[in-house]
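Student: Fold the following, please.
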Amino acid sequence: MVENTQQINYFNYITTDLTQTILSHLPLKSLIRCSTVCKQFRSITNNPSFHPTAQTTPWFFLYGLNNISCKKNQSFAYDPLLNEWIHVPKTCFPDTLLAESSISGDKGLFFNTAGVNFSLSPILKPLWFIGGLVDMEDNLGVEIYDGDLNSWEICPPLPADFRSGNSSQSLCSGLFKERFYVFGIYSGFVSSFDLEKRVWSDVQTLRPPGVVMSCLISCGRELMLAGLCNDVRGHSFNLWRVDELTMEFSVVAIMPSDLLNCLFDSDGDDQFASLKCVGYGNFIFVFNEEHRRNYPACVCEIRSDSGECRWRRVPDLPEPVNRFHKVIGFCSTIPIHRILGSEVV
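Tutor: Below is the predicted model:
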C-alpha cells in the first residue's frame, strides 16, 4: 500500500464566503500572518468588503516621552483579544510633544493638539497632516476639522463655566449620538455640542457622591462615567451609566479591590494622582502613569449582549521599558487595511 504524502488543503473544499467568515473572527495579529499564507487569504483580507470583528475592538496605546533624549521614547499597543502588547515603531509618533498637548485616537488615527498646532497621523503608518487650532488655554475655543474637505470650521467656544479654573489638561471629551461632550475631570461640569445645530447645551454638573476624579466615556451605545471615589469604606473605582438627557447616573460596576491595589505601591494621600482612564467602544482602561510600577493597567470589558462588566489586569509592558517623563494613553480601533497597507506588520 502506497502512503499518500501529499498535503491536503482543506480550504479547497469550502466556499470563499465560509473562508472569509472564518478569517473574520481572528485577531488582527493572526490576520496579518494569514494574509501571507496564500493568494486566496491575501485576496480576502485585502478586499475592501472584508470587515473582521477584530477591527471593531479598540487597542490601548501607551506613548512614553523622555524629555532628555527622544531616542528613549517608546510606544506600545495592547490588543484585548490576544491579551498581548506589541512594540509600535517610533516613526508612528512625533519625537516631541509640548507639555500642553492633548492626545486622542480613533479609527486608526492619532490626534495631537498643542497650542496653535493640530496634527493627525494614521497609526502604524508614518504620515502626518498639519492644520491650525484655536489656542485652547486662552478661551477654550473649538474648531471642527473636516478630513474629507481638508478644511476647518470655527465653532462657538466652550461655555463660560469651563473657563474658570479649567484648561484643556483638566478636560476630557467624547462623541456620542452626534453630540460632542466635554467634561471637567475634577469639576464635574459637562456640556455637549450639537454637531447639526452647532450650539452648546447648558452646563450641568455630573458628580456622584465621594468622587475624586472621573472621565466621561462613550462606550458603544451608552454614555459611561468612570472615576475614583473616596468614602468611609476607602477608595474604589466605579463605573456609572449616564442618561444623556437627564445626566442621572447609576452604578454598573466596581473594580475589584485587588486590581485597584495592584495599580499603586504607597498609602499616601497623593497615590491616586497618577491614575488615568481612557476608553472606547466596550472597553475601559485604567492605568498608572508612574514609572516605578512599570505603568500597570487594568481593563473592563462591557458585554454588549448582557451588559456584564468583566475586569482583568493587563499584562506588564514588554521589556525593555525606558523611564518616561510623560506617558500618554489613548484608545483606537485599527482598520486591517491600514495595517496591511503599511510596512509595519
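Student: Enumerate the strands of the stretch 1-150 of the chain by residue range, in sequence order.
Tutor: Applying DSSP state E, counting those that start in this stretch to the stretch 1-150 of the chain gives strands spanning 59-65, 74-79, 84-88, 102-106, 109-114, 117-122, 129-132, 142-146.
Student: Ranked by average pLDDT, which of those falls at the bottom?
Tutor: Mean pLDDT across the strands of the stretch 1-150 of the chain is lowest at strand 129-132; the value there is a mean of 29.
Student: And Gly279, its phi and psi?
Tutor: Here is the backbone geometry of Gly279 (degrees, to the nearest 10): phi -160, psi 160.
Student: you'd agree it is up against Cys219?
Tutor: Yes. Here Gly279 reaches Cys219: they are 6.0 Å apart, a contact under CB atoms under 8 Å. All C-beta atoms are positioned from the backbone trio N, CA, C, and that covers glycine.
Student: Quick check: beta-bridge partners of the nearest residue to Tyr78 once chain neighbours are set aside?
Tutor: In space, and not counting its chain neighbours, Tyr78 is closest to Phe60: 4.2 Å by CB to CB, 6 or more residues apart in numbering. Here Phe60 sits in beta bridges with Tyr78, Cys331, going by DSSP bridges.
Student: Give the burial count for Phe60, as a bare number.
Tutor: Here the number of neighbours of Phe60 (other CB atoms under 10 Å) works out to 25.
Student: likewise Cys70?
Tutor: Cys70 has 12 nearby residues by other CB under 10 Å.
Student: what does Ser306 give?
Tutor: If we define neighbours as other CB under 10 Å, then Ser306 has 7 of them.
Student: Quick one: residues contacting it.
Tutor: With contact set as CB atoms under 8 Å, 6 or more residues apart in numbering, Ser306 has no partners.
Student: likewise Ile144?
Tutor: Contacts for Ile144 (CB under 8 Å, 6+ apart) come out as 152-153, 155, 195.
Student: Quickly note the distance from it to Cys229.
Tutor: Distance, Ile144 to Cys229, by CB to CB, to the nearest Å: 34 Å.
Student: now Pro296
Tutor: 20 Å.
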